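S.K.: Sequence below, structure please.
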Amino acid sequence: MSSQIARLESGANELTRQGKIIESIDTYYSDNCVFIEPDGSSRQSRQAERDHLEAFFSGLKSFDGATLHGQSVGDDLSMSEWTFNMTGGDGEKIVWNEVLVRRWDDEKIVMEKYYAA
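M.R.: Now for the predicted structure:
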C-alpha cells in the first residue's frame, strides 16, 4: 500500500511544485476531504478548499514558486515539507514554510493538515 501512496503523493506534489495546486486538489482529493489549518480551523470538502484557494490566489500578484524539501510515506499517511513563495496584491513578498500531513483512503486524500514551520 505505501508504494501506491508514494506514487500518488509524488503526483500531487509535482502538480503543487508546478503551481497547479487547484489541479492537484481536483485530481487527488476526495469530495469530502477535510482541510485543517494550523489554528485548528477547517474546511469540510474539496469544493470548500477549492473556493478558498481560488479566492486566495485571485488576490496575489504572482505565485513565484514552490520548493519541496522532502516527503515521507507510510501505510495511509504522507508528509511533505514545503516553502511557497508568492507576491501579494500589494507587491509584498509572501514566504510560507509548512508541512502538509495527508491521510489517504481508496487512493484519495481524505484529510490534509497544515503545520506552519
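
S.K.: rest of the way, CA atoms for contacts and neighbours
M.R.: Noted.

S.K.: And for the helix or strand bottoming out on mean pLDDT in the chain, what's in contact with it?
M.R.: Within the chain, judged by mean pLDDT, DSSP states H and E, the helix or strand with the poorest mean is helix 2-17; its value is a mean of 94. Under the criterion CA atoms under 8 Å, 6 or more residues apart in numbering, residues 21, 23-24, 27-28, 65-68, 73-78, 104, 107 lie in contact with helix 2-17.

S.K.: likewise stretch 97-104?
M.R.: 5, 76-84, 109-117.

S.K.: hang on, the earlier thing: which among the contacts of helix 2-17 end up buried?
M.R.: Using 16 or more other CA atoms under 10 Å as the burial test, those include 21, 24, 28, 66, 73, 76-78, 104, 107 as buried.

S.K.: Mind checking which of these are in helices?
M.R.: 21, 24, 28 (DSSP state H).

S.K.: Go through these and say which is closest to residue 51.
M.R.: residue 21 (12.1 Å; CA to CA).

S.K.: Quick check: nearest residue in space to that closest one, chain neighbours excluded?
M.R.: residue 15 (6.2 Å; CA to CA, 6 or more residues apart in numbering).
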